[in-house]
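> need the 3D shape of this:
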Amino acid sequence: MDWHPDAEAKLKEVPFFVRPAVRRRIETMAQEAGLSAIDAPFYEQAKEFIMMRRSPGHLFCAWRQPSGSSARLCRR
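Below you'll find the predicted structure:
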């Protein structure tokens with residue numbers, strides 16, 4: 001999975017001991033959304049989703065429009 005430099009820089013803000021797990025999770029989310037690269041806006045959406053998921057009972061959906069198409073990140 002390709003990472004844009006701005007997204008890679010944001011990932012480096014994550015503590016080193018959880019960074020590999022965060023990278024894998026965001027890459028999985030990008031693949032599920034049909035993306036071939038991770039940019040800063042997608043990284044921010046994924047980060048929000050991961051943080052929202054920590055609250056039980058919340059459903060978070062984010063619409064992403066890469067290259068004119070739409071992909072949906074929606075999980076419980």
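> quick check: next helix or strand after the helix or strand hosting Glu8?
Counting by DSSP states H and E, the element that carries Glu8 is helix 5-11. With elements assigned by DSSP H and E, the helix or strand that comes after helix 5-11 is helix 19-32.
> now do the next helix or strand after that next one: everything it contacts.
On the C-terminal side of helix 19-32, the closest following helix or strand by DSSP H and E is strand 37-38. Counting by Cβ atoms under 8 Å, 6 or more residues apart in numbering, the neighbours of strand 37-38 from elsewhere in the structure are 1-4, 7, 26-27, 30, 46. (Glycine included, C-beta is placed from N, CA and C.)
> how about these in CSV, adding neighbour count and pLDDT?
Compiled in CSV, the contacts of strand 37-38 are given as follows (neighbours: other Cβ atoms under 10 Å; pLDDT from 0 to 100):
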residue, neighbour count, pLDDT
Met1, 13, 92
Asp2, 12, 96
Trp3, 19, 97
His4, 15, 97
Ala7, 21, 96
Ile26, 23, 95
Glu27, 16, 95
Ala30, 25, 94
Ala46, 23, 92
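> for the chain, which element, helix or strand, carries the lowest mean pLDDT?
For the chain, counting by mean pLDDT, DSSP states H and E, strand 60-64 ranks last in confidence among helices and strands (a mean of 48).
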